[in-house]
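**Q** 3D, please:
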Amino acid sequence: MSRQPRAVVVGGGIGGLTAGLALHLRGWQVTVLERARELKPVGAGISLAPNSQRALDVVGLGDEIRSLEAWEGDGGLLTPEGRWLSRVNPKPAAERFGGSIVLLHRATLIDKLAERLPADAVRTASEARLADPGDPDDPARPARVTTPEGDLEAELVVGADGINSAVRGALFPEHPGTEYTGFTTWRVLVPPLGRPFTQAETWGPGQLWGTHPFADGTIYSYAAAMAPAGQRAPGGDEKAELLRRYGSWHDPIPAILDAVEPGQVLRHDVHQIAEPLPAFHRGRVALLGDAAHAMAPTLGQGGNQAIEDAVVLAHHAAPGAPLDLPGYTAARLPRTTMIARKAMTVSRINLTANRPLIALRNSAIRAVGALGPGFLLRGMDGIADWCPPQRKTGVSASPYAAQTRKGPGTAARPSQEQDRSTQT
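**A** Reported below is the predicted structural model:
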């Protein structure tokens, strides 16, 4: 009997845990190394679009995530005065893309992923350093990771260590890394306010605000604004900064700000990998998520793409077969590059401070909205309709096979990965 292949995942965030679980279900012995003392994610909420929900079907979590859907009634885009630019009903999007967006706390998803891994698979407070990327053509040269507990050798190492990835730096030391996008973000969570809320985003000159409810009534809000890198509120009072910027905007924004606990505002400058990496792998090491393709959050696809990466990587890491990391790069690099560039383009549009351009943008949004929901939804074609790859077994359905989920009338279509894999 052949030895069970070993994978070491550096980083215990959403992408790293999804990769660990997907590889575990493929028959790999998995160790996830997280440098923090606990799996406590940075960030308040994550929007899971139909594409990542279908990826989560692969690891058995899709339906559980869908059960947390909280969107009821129309949402859409508004001006700071509360005038609608466009209204969005979730039903047309669900029909077009095979499901609705589900918003949940990042910690909820982290817990659901971690509890499906073997009890000893996750090591916290474990600083990891890539010592040797290994050689996929030489069985005698595995990849090697150094930790405080000693070195770990593995047939596969996954760099899921975030935007400041040390694994990326070790693989591609000549790459320029990340750059500042020009805008900063704030995120807050407030308890239920005893009134219904719907998903909406408000665009003002050079800044925006988003309001989204969780299934339990908790309200997740975020804001973004053009600002110099490293700028912070006087005295560190970010709630006061939010009140200054958004306190006069339409209801319910002032009520949400009033409910924010001082000191509970998360603020982060947004960085991106503007110059794509030459590959998402080297040797026996693969990169995923922000380590591979950090992007602006304006399409809500950063975490979604990390989840996609994870299941596609496991698809190209079949036990008993050669490790196909070039196939992983070929499947993921063009797609994530396209989405990252589109996200940055959208951020320039919705965060512009040029008032003539704002007037033109708002008029265009209203005009497109008047043509029906299909025109507004076209911007997510090729993104939210993605399906994970499937592998033919020739005998019976693989336990790893994607369970593509389609709503009535959906236009969800096979991904490039799926096209290639079903032809072999």
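**Q** if you skip the residues just before and after it, what's nearest to E275?
**A** Nearest residue to E275 in three dimensions, chain neighbours excluded: P176, at 5.8 Å (Cβ to Cβ, 6 or more residues apart in numbering). Where C-beta positions appear, they are placed from N, C-alpha and C, glycine not excepted.
**Q** make that A279, sorry
**A** The spatial neighbour of A279 that comes closest, neighbours along the chain excluded (Cβ to Cβ, 6+ apart), is T329 at 4.6 Å.
**Q** State the number of residues packed around the residue nearest to E275.
**A** Using other Cβ atoms under 10 Å, P176 has 9 other residues around it.
**Q** Also A94?
**A** Neighbourhood size, A94 [other Cβ under 10 Å]: 19.
**Q** Now the element after the helix or strand hosting it, going C-ward?
**A** Element membership of A94 [criterion: DSSP states H and E] is helix 90-97. Scanning forward in sequence from helix 90-97 by DSSP H and E, the next helix or strand is strand 102-105.
**Q** in the chain, which spans are helices?
**A** Remark: helices of the chain, listed N- to C-terminal, are 14-25, 50-58, 62-66, 90-97, 106-114, 166-171, 238-246, 253-259, 290-293, 302-315, 325-350, 355-370, 373-377, 416-421; assignment by DSSP state H.
**Q** Show the contacting residues for V8.
**A** Counting by Cβ atoms under 8 Å, 6 or more residues apart in numbering, V8 makes contact with 30-31, 33, 128, 143, 145, 152, 154, 156-158.
**Q** Mind pulling up the pLDDT for the residue nearest to it when sequence neighbours are not counted?
**A** With Cβ to Cβ, 6+ apart as the measure, A154 is the residue that lies nearest to V8, at 4.3 Å, once sequence neighbours are left out. The per-residue pLDDT reported for A154 equals 97.
**Q** Show me what the residue nearest to A44 when sequence neighbours are not counted is bridged to.
**A** Excluding the flanking residues, the one nearest A44 by Cβ to Cβ, 6+ apart is R187, at 4.4 Å. Following DSSP bridges, R187 is listed with bridge partners Y222, L266.
**Q** measure R187 to I46 for me?
**A** Distance of R187 to I46, computed by Cβ to Cβ, to the nearest Å: 11 Å.
**Q** cool, R116 as well?
**A** Taking Cβ to Cβ as the measure, R116 falls 18 Å from I46.
**Q** Between the two, point out the one with more neighbours.
**A** Neighbours of R116 and I46, each counted by other Cβ under 10 Å, are more numerous for I46; the result is 24 against 16.
**Q** Find me the pLDDT at that one, would you?
**A** Listed pLDDT for I46 reads 93.
**Q** so it sits right up against L103, yeah?
**A** Yes. Using Cβ atoms under 8 Å, I46 and L103 qualify as a contacting pair, with a distance of 7.3 Å.
**Q** what about the closest residue to A49 other than its chain neighbours, neighbour count?
**A** In space, and not counting its chain neighbours, A49 is closest to A384: 4.8 Å by Cβ to Cβ, 6+ apart. A total of 26 residues lie near A384 under the criterion other Cβ under 10 Å.
**Q** Do I have it right that A384 meets F97?
**A** Yes. Counting by Cβ under 8 Å, A384 does reach F97; the two are 4.1 Å apart.
**Q** What is the neighbour count of the residue nearest to A279?
**A** Using other Cβ under 10 Å, T329 has 21 neighbouring residues.
**Q** That one and V285 touch, don't they?
**A** No. Contact status for T329 versus V285: not in contact, 11.5 Å apart, counting by Cβ under 8 Å.
**Q** Keep only those of the contacts of V8 that are in strands.
**A** Helix and strand membership here follows DSSP state E; of these, those in strands are 30-31, 33, 143, 145, 152, 154, 156-158.
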